[in-house]
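>>> coordinates only, sequence not included:
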């Protein structure tokens, strides 16, 4: 045999290096494993333009997307006026947010664009930016820079998988959220019944009301006849034709924009531009608070909307992926002159109710909006505001959780308080504040209810040893009640505390046990602890003397304590 023979020189009959083939297969296998890891960690589901598994179709997605695009125009324009910027900036923002989240987002069928919750924050940002730089257009540049930072924060939240915490939002908070948002949408539409700051009256008001009622009637009755075409789109087209052919004098998209100081929706493509501001620490300190607020509002509203769409479609979206997409959309807005945004619950419900299920519906809505801006402005500007108001009123009826009135006397009082609290705060203040307040109150209620569950079964055995069998979790909320279970002075010399049916939750519980054992030892009594996890034992003073180890029965769990090793070392040095 050739002494220079090696497996690396093995070739088949056609001269192919078999060792090289093996290496290539190993690379492919490693790539597959890595792809599976990314898919599992970041919920990277296969890209599906159309979701046929959930009743979606090309026709439904295209028509629902067109309906959403029509509804987006006045919303984006109105929110741009609220923020004190050009309506074109709002339309660009709706287009870019809608396109990026439709392609890369974690919830197919959900629509993103310029929103009122973020526009309210932008008002003071733009105003203070103008004053800081002493120019009328400077505030807009600060807005673009803030969107870049807010987008990075949102992307970071997705990469760090913080989107999963939306699961901790209780159902009562969700009900208060949708109720409050429905009321906010309703109140925002009432502003459309004004002309030049004055409420409509006479024939103008009656025409407006009649057209709104006609739109709502079409949307309510058409699904009873056929569901092949979106009721909202049909209502908008029919009412528009009635106004145009009947030559009725009523507010249109064009007149609405002009009345608020704009000129129309016609514009070119958005262009790339780095925000024209001075990049310094002073600038960073100015925009950072706004960036964090906008990022928080955008993520909370988007993840809450994602949850709602999940319930409506009986499917499951990816919160982490949506966080990344929202951030990418806002970064794109910062570079291409849009006002940014987040998920829009009203337009998302219009899309779902109109049959939109896949990513194609969101892509269609974004591209249709861009088409309106570039080529179709003269037609879209003729659409009566009344038709769009009617669509939004139907969204209000579909969004509000009417089941609230059925369960008000059936659910715990604390849940009803949370529902009312979140609803009121959403209407009066802000969406993000309302959700955080609801979660905090729900958490406190949960802690209080669990604090009352700590119990102790007491008895003295034949040998004169007193036993305390603890039931329920031991944490900061029930420390006082736990201590009241023990009678240190009157207990016998031997005491056993059994935690088999309990669990030590946090550092407060550890300190409570330490103080309790010190009290018994100070009185010259022997105390024995049973059924604690090894994690707990390491943090208990004099554990080697008072703890009875049972390898077969002792539980294994961790205590919620920061700097575990530091606490353990400090305990050892005492």
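Structure received. Computed from a prediction, not measured in an experiment: that's the story for all the values here.

>>> which stretches of the stretch 401-550 of the chain have low pLDDT?
535, 538-539, 541-550 (pLDDT under 70).

>>> 90 instead?
401-413, 426-436, 446-453, 462-463, 500-511, 513-514, 517-518, 521, 526-550 (pLDDT under 90).

>>> could you say what helices and strands the longest helix belonging to the chain packs with?
Scanning the chain for the helix with the most residues, using DSSP state H, yields helix 281-313. Applying 3 or more Cβ pairs under 8 Å, 6 or more residues apart in numbering; DSSP states H and E, one finds that helix 281-313 contacts helix 116-133, helix 138-159, helix 171-190, helix 319-336, strand 342-343, helix 345-353, helix 431-451. C-beta: built from backbone N, CA, C; applies to glycine.

>>> May I see the ones you listed organised as JSON lines, with mean neighbour count and distance to residue 263 added?
Converted to JSON lines, those look like this (neighbours: other Cβ atoms under 10 Å; distance: least, Cβ to Cβ, whole Å):
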{"stretch": "helix 116-133", "mean neighbour count": "19", "distance to residue 263": "20"}
{"stretch": "helix 138-159", "mean neighbour count": "23", "distance to residue 263": "17"}
{"stretch": "helix 171-190", "mean neighbour count": "21", "distance to residue 263": "23"}
{"stretch": "helix 319-336", "mean neighbour count": "25", "distance to residue 263": "21"}
{"stretch": "strand 342-343", "mean neighbour count": "29", "distance to residue 263": "27"}
{"stretch": "helix 345-353", "mean neighbour count": "26", "distance to residue 263": "25"}
{"stretch": "helix 431-451", "mean neighbour count": "18", "distance to residue 263": "31"}
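
>>> And these: which comes nearest residue 405?
Closest approach to residue 405 among the helices and strands packed on helix 281-313 (Cβ to Cβ): helix 171-190, 10.4 Å.

>>> Tell me which strands the helix or strand following the closest one pairs with, and in which orientation.
Downstream of helix 171-190, the next assigned helix or strand under DSSP states H and E is strand 194-195. Paired neighbours of strand 194-195 in the sheet (DSSP bridges): strand 198-199 (antiparallel).

>>> Show me which residues of the helix or strand just after the strand it pairs with are buried.
As assigned by DSSP H and E, the chain's next helix or strand after strand 198-199 is helix 202-225. For helix 202-225, a neighbour-count test (16 or more other Cβ atoms under 10 Å) marks 204, 207-208, 211-212, 214-216, 218-219, 222 as buried.

>>> tell me which strands and helices helix 202-225 is in contact with?
Partner elements for helix 202-225 (3+ Cβ pairs under 8 Å, 6+ apart): helix 231-246, helix 385-399.

>>> Throw those helices into CSV and include distance to residue 178, mean neighbour count and mean pLDDT, thanks.
Shown next, in CSV, are the helices and strands packed on helix 202-225 (distance: least, Cβ to Cβ, whole Å; neighbours: other Cβ atoms under 10 Å; pLDDT from 0 to 100):
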stretch, distance to residue 178, mean neighbour count, mean pLDDT
helix 231-246, 19, 19, 92
helix 385-399, 6, 23, 88
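
>>> These: which one's closest to residue 419?
helix 385-399 (14.6 Å).

>>> Name the single longest strand found in the chain.
strand 494-504 (DSSP state E).

>>> Mind listing the strands that one pairs with, and their directions?
Partners of strand 494-504 in its sheet, by DSSP bridges: strand 466-474 (parallel), strand 526-530 (parallel).

>>> I'd like to check the angle between the longest one and helix 431-451, please.
Direction vectors for strand 466-474 and helix 431-451, defined by axes from the mean of the first three to the mean of the last three Cα atoms, to 10 degrees, enclose an angle of 170 degrees.

>>> Of all the residues in strand 466-474, which ones are buried?
466-470, 472-474.

>>> The helix or strand following it: how far from the chain's middle?
Reading on from strand 466-474 to the C-terminus, the next helix or strand found by DSSP H and E is helix 479-483. Counting by Cα atoms, centre = their mean, to the nearest Å, helix 479-483 is centred 37 Å from the centre of its parent chain.

>>> which residues touch helix 479-483?
451-452, 454, 456, 470, 474, 508-509, 512, 516 (Cβ atoms under 8 Å, 6 or more residues apart in numbering).

>>> If any of the residues you listed are buried, put those into a PyMOL selection.
Listed next is the PyMOL selection for buried residues among these, using 16+ other Cβ under 10 Å:
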select buried, resi 451+454+456+470+474+508+509+512+516
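
>>> on that earlier part again, which of the helices and strands packed on helix 281-313 sits closest to residue 230?
Across the helices and strands packed on helix 281-313 (criterion: Cβ to Cβ), the nearest stretch is helix 345-353, sitting at 8.0 Å.

>>> Now do the closest one against helix 431-451, angle only.
80 degrees.

>>> Give me the angle between helix 345-353 and helix 171-190.
Going by the same axes, to 10 degrees, helix 345-353 makes 100 degrees with helix 171-190.

>>> Give me the helices and strands touching helix 345-353, please.
helix 58-83, helix 171-190, helix 231-246, helix 281-313, helix 359-374, helix 385-399.

>>> Can you check which of those gets nearest to residue 430?
helix 281-313 (7.1 Å).

>>> Can you read off the pLDDT for the closest residue to residue 72 other than its chain neighbours?
Spatial nearest neighbour of residue 72, excluding adjacent residues (Cβ to Cβ, 6 or more residues apart in numbering): residue 94 at 5.1 Å. On the pLDDT scale, residue 94 is placed at 95.

>>> Residue 94 looks like it's in a helix, true?
Yes. According to DSSP: H, G, I helix; E, B strand; the rest coil, residue 94 belongs to a helix.

>>> residues in contact with it?
72, 75-76, 113-114, 338, 341, 366, 369 are the contacts of residue 94 under Cβ under 8 Å, 6+ apart.
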